[in-house]
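# quick one, fold the following:
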Amino acid sequence: MTAAPLRIGNASGFYGDRFDAVREMLTDGPLDVLTGDYLAELTMLILGRSRLKDPARGYATTFLQQLEEGLGLAHERGVKIVANAGGLNPAALAGAVAELARKVGVPVRVAHVEGDSLPVPDGFLTANAYLGGHGIAACLRAGADVVVTGRVTDAALVTGPAAAHFGWGPDDHDALAGAVVAGHVLECGTQATGGNYSFFRGHDIRRPGFPLAEIHADGSSVITKHDGTGGFVDVGTVTAQLLYETGGARYAGPDVTARLDTARLTQDGPDRVRISGVRGEAPPPTLKIGLTRLGGWRNEVVFVLTGLDIEAKAQLVQDQFAQALARSRTGPPDEVRWELARTDRADADTEETAAALLRLVVRDQDPEAVGRAVSGAAIELALGSYPGFHVTAPPGKGAPYGVFEARYVPAEDVEHVAVGPDGRRERVTPPVRTKALEEVDEPALPEPLPAGLTQLTPLGRIAGARSGDKGGDANIGIWVRTDDAWRWLAHELTVERLQELLPETAELTVVRHLLPNLRALNFVVHGLLGEGVAAQARFDPQAKAVGEWLRSRHLPVPVTLLETTDAPEAHA
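Numbers count the residues shown, from 1 in each chain. Now for the predicted structure:
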């Protein structure tokens with residue numbers, strides 16, 4: 001008799017996601033496990049600063065508020081809850097959840113996972129290892145109804161419950177890898193159900209439902225959502241999320257290295273996509289460590305330039321500011337960057353559409369160098385600069401910015417511990433079998449599309465994209481939906497072509513990865529984001545829209561592809 005699939009849903013893709021999602025996922029349809037992902041690189045910095053103010057905190061308080069109603073609903077429906085909302089203090093959150101359960105009269109058993117918190121090096125604020133799912137599995141086997149963790153991998157929220165349910169061991173690499181892929185699809189919530197999706201036109205994504213995965217004993221899964229909820233699930237939405245914040249074909253984690261190049265996606269009915277064929281390999285012998293620190297101080301001012309002579313007005317402000325900063329007591333900040341965004345239109349019929357934005361960003365280790373020296377200079381220009389002078393907001397005194405850094409340590413150096421509902425502590429031993437991470441051999445290119453007529457048109461007419469951040473690097477995943485389009489894309493969009501289309505990447509190291517099963521390319525752009533999202537080095541600090549920028553760029557596309565595309569809603 002085949003074991004029934006395990007239905008695992010997601011109710012949070014980040015700290016601050018839709019508050020009502022926990023209640024909706026528990027009431028909109030059947031579930032076995034409800035997960036929530038609350039942590040990101042920037043979140044760890046935020047929680048670190050929170051812990052400085054109150055050592056008893058350091059966890060995602062929103063999760064506790066969601067459970068005021070969610071605990072009772074989950075208990076009534078027999079749903080386990082697993083979330084990484086413990087942040088920097090999972091033991092404290094577990095205690096708070098247990099206290100809440102007593103307060104609301106719900107008899108649930110609470111467990112937590114710890115050991116990710118490591119000694120913090122001098123100059124840093126937090127240091128946490130990315131743990132796998134076996135600690136979560138141990139908590140569930142011990143009878144927990146609610147499991148809270150600190151810094152585990154996003155996919156561990158799915159691999160842990162699946163391993164506990166199906167009895168997978170550390171060497172069940174293929175099954176674990178399949179669950180990792182499903183977990184990666186679920187981790188960002190509604191990005192799997194139409195949110196942030198290139199081909200959104202023609203679909204109702206005003207309030208997409210959160211996704212769930214039906215996990216099978218062999219690790220295969222079906223990605224879907226509850227009936228009657230908004231958004232949609234198809235091969236494209238799942239492909240987009242699979243490419244999000246990944247690198248090469250080997251997707252390494254503490255439990256297993258999943259081979260993304262083996263995943264096969266098939267439409268399994270309305271709002272159902274089957275993921276099969278995922279192969280797994282032994283995980284690396286090391287664990288990733290995420291460190292955060294305060295990097296310095298920053299400030300910004302956005303000047304509004306309206307009407308005629310935009311370039312001259314921008315140059316005047318820059319010259320005036322250079323003189324003012326040179327005269328200040330602290331001198332110019334270490335970093336001064338200007339960016340002119342030409343949002344203006346000629347002969348505009350509203351003032352706003354006649355305006356361009358000139359953005360000044362400054363950074364320095366000294367808060368005074370980016371504080372009064374900058375805000376004062378901006379204010380003093382009010383009556384003595386370009387005609388129509390004004391700014392989008394009053395200049396402030398500056399604010400601290402953060403830096404994320406990744407390091408690696410031997411897995412055996414990290415004590416991964418499951419603390420059961422009765423307080424018993426179980427040490428999770430690291431995998432015995434490991435394999436150093438290596439790049440896969442580049443797959444063969446498909447046969448090129450025969451030469452023919454082309455039309456200069458946006459790439460996005462035939463290709464979807466999703467981009468994101470990993471520390472200071474950005475990834476750009478781009479895919480197409482027909483074999484002929486793949487034959488063209490694989491040959492046309494080389495690293496050199498990408499750098500021509502996206503000049504900001506021209507001086508950076510860019511690595512291209514082919515994923516033929518997904519008809520996709522994944523580009524990793526090293527250093528595009530400087531010191532990471534917390535440093536806010538770019539206008540788009542998490543590279544969320546780099547993929548859409550790429551889709552908007554024009555290049556000669558074969559007319560045959562434009563004639564056969566099934567995505568008229570993607571046309572410019």
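# just the strands in the stretch 251-400 of the chain please.
Ranges of strands within the stretch 251-400 of the chain are 257-259, 264-267, 273-276, 279-281, 286-306, 335-341, 355-364, 390-391, 399-410, based on DSSP state E, counting those that start in this stretch.
# please read the previous query as pertaining to the stretch 1-150 of the chain.
Using DSSP E, counting those that start in this stretch, strands in the stretch 1-150 of the chain cover 6-10, 33-36, 80-83, 110-114, 126-129, 146-148.
# can you put those in a markdown table and add mean neighbour count and distance to residue 16?
Backbone N, C-alpha and C define where each C-beta goes, glycine included. Shown next, in a markdown table, are the strands of the stretch 1-150 of the chain (neighbours: other C-beta atoms under 10 Å; distance: least, C-beta to C-beta, whole Å):
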| stretch | mean neighbour count | distance to residue 16 |
| --- | --- | --- |
| strand 6-10 | 25 | 15 |
| strand 33-36 | 29 | 12 |
| strand 80-83 | 26 | 14 |
| strand 110-114 | 27 | 22 |
| strand 126-129 | 24 | 19 |
| strand 146-148 | 33 | 18 |
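# ok, which of those strands comes nearest residue 172?
Residue 172 lies closest, by C-beta to C-beta, to one member of the strands of the stretch 1-150 of the chain: strand 6-10, at 14.5 Å.
# please compute how far the closest one lies from its chain's middle.
Taking C-alpha atoms, centre = their mean, to the nearest Å, one finds the center of strand 6-10 at 20 Å from the center of the full chain.
# neighbouring contacts of it?
Strand 6-10 is contacted by residues 25, 30-37, 157-158, 161-162, 165-166, 182, 186-187, 189, 210-215 when judged by C-beta atoms under 8 Å, 6 or more residues apart in numbering.
# switch the cut-off to 7 Å
If you take C-beta atoms under 7 Å, 6 or more residues apart in numbering as the criterion, strand 6-10 is touched by 25, 30-35, 37, 158, 161-162, 165, 186-187, 189, 210-215.
# where does this structure have low pLDDT?
The model of the chain has pLDDT under 70 over residues 1-2, 564-572.
# secondary structure element for residue 511?
Here residue 511, judged by DSSP states H and E, is contained in strand 510-515.
# just the CA trace of that strand, in PDB.
Extracted in PDB, the C-alpha atoms of strand 510-515 (Å, rounded to 0.1, in the frame of the first residue of the first chain):
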ATOM      1  CA  VAL A 510      29.400  36.600 -14.600                       C
ATOM      2  CA  VAL A 511      28.900  32.800 -14.600                       C
ATOM      3  CA  ARG A 512      26.300  31.100 -16.800                       C
ATOM      4  CA  HIS A 513      24.600  27.800 -15.900                       C
ATOM      5  CA  LEU A 514      22.500  25.800 -18.300                       C
ATOM      6  CA  LEU A 515      19.400  23.900 -17.100                       C
END
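# which strands or helices does that strand pack on?
Judged by 3 or more C-beta pairs under 7 Å, 6 or more residues apart in numbering; DSSP states H and E, the packing partners of strand 510-515 are helix 495-501, strand 520-525.
# helices or strands up against the first one?
If contacts are counted by 3+ C-beta pairs under 7 Å, 6+ apart, helix 495-501 sits against strand 510-515.
# let's see 6 Å
If contacts are counted by 3 or more C-beta pairs under 6 Å, 6 or more residues apart in numbering; DSSP states H and E, helix 495-501 sits against no helix or strand.
# swap in the last one?
In this structure, strand 520-525 makes packing contacts with strand 473-480, strand 510-515, judged by 3+ C-beta pairs under 6 Å, 6+ apart.
# now it and strand 510-515, what's the angle there?
160 degrees (axes from the mean of the first three to the mean of the last three C-alpha atoms, to 10 degrees).
# where do the strands of the stretch 401-550 of the chain begin and end?
416-419, 425-428, 454-458, 463-470, 473-480, 510-515, 520-525.
# how about the last one: buried residues?
Read it as strand 520-525. 520, 521, 522, 523, 524, 525 (16 or more other C-beta atoms under 10 Å).
# my guess is residue 45 contacts residue 534. True?
Yes: between residue 45 and residue 534 there is a contact at 5.0 Å, judged by C-beta atoms under 6 Å.
# can you list residues touching both of these two?
With contacts taken as C-beta atoms under 6 Å, 6 or more residues apart in numbering, residue 45 and residue 534 have residue 402 as neighbours in common.
# who has more neighbours, these two?
Using other C-beta atoms under 10 Å, the more surrounded residue of residue 45 and residue 534 is residue 45, with 26 against 23.
# what's stretch 150-170 in contact with?
With contacts defined as C-beta under 6 Å, 6+ apart, stretch 150-170 is touched by 6, 8, 33, 35, 37, 82, 84, 86, 90, 116, 128, 130-133, 136-137, 140-141, 175-176, 179-180, 182-184, 187, 215, 217, 253, 255, 431.
# now find how far off-centre that stretch is within its chain.
Put simply, stretch 150-170 sits 20 Å off its chain's centre (C-alpha atoms, centre = their mean).
# end to end, how far does it reach?
Distance between the two ends of stretch 150-170: 21 Å, counting by C-alpha to C-alpha, to the nearest Å.
# can you list the residue ranges for helices in the stretch 51-200 of the chain?
For the stretch 51-200 of the chain, the helices defined by DSSP state H, counting those that start in this stretch cover 61-77, 90-104, 134-141, 156-166, 173-186.
# and the helices in the stretch 301-450 of the chain?
Under DSSP H, counting those that start in this stretch, the stretch 301-450 of the chain gives helices at 310-327, 367-370, 372-380.
# tell me which of those helices sits most buried.
Mean neighbours per residue, mean count of other C-beta atoms under 10 Å, is largest over these for helix 367-370, with a mean of 22.
# contacting residues around it?
Residues outside helix 367-370 that contact it (C-beta under 6 Å, 6+ apart) are 297, 299, 330, 333, 362, 364, 398.
# quick check: closest non-adjacent residue to the third one.
This points to residue 330. Closest residue in space to residue 330, ignoring its immediate chain neighbours: residue 369 at 4.1 Å, by C-beta to C-beta, 6 or more residues apart in numbering.
# and for the first one?
The shortest distance from residue 297 to any residue other than its chain neighbours is 4.4 Å, reached at residue 367 (C-beta to C-beta, 6+ apart).
# and that neighbour, how close does it get to residue 401?
From residue 367 over to residue 401 the distance is 11 Å, taken as C-beta to C-beta, to the nearest Å.
# pull the residues that contact the strand holding residue 511.
Here strand 510-515 makes contact (C-beta under 6 Å, 6+ apart) with 248, 261, 443, 495, 522, 523, 524, 525.
# now for those, which pair is the farthest apart?
The span of these, defined through C-beta to C-beta, is set by 443 and 525 at 21.2 Å.
# residue 397 contacts residue 373, doesn't it?
No: between residue 397 and residue 373 there is no contact under C-beta under 6 Å: 10.3 Å.
# residue contacts, residue 408?
Residues near residue 408 by C-beta under 6 Å, 6+ apart: 286, 288.
# beta-bridge partners for it, please?
Beta bridges link residue 408 to residue 288 when assigned by DSSP bridges.
# how near is it to residue 290?
Distance, residue 408 to residue 290, using C-beta to C-beta: 11 Å.
# same question for residue 358.
Counting by C-beta to C-beta, the gap from residue 358 to residue 290 is 35 Å.
# coming back round to it: redo the helices and strands packed on strand 510-515 as a markdown table? Include distance to residue 106.
What follows is these, written out as a markdown table (distance: least, C-beta to C-beta, whole Å):
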| stretch | distance to residue 106 |
| --- | --- |
| helix 495-501 | 53 |
| strand 520-525 | 44 |
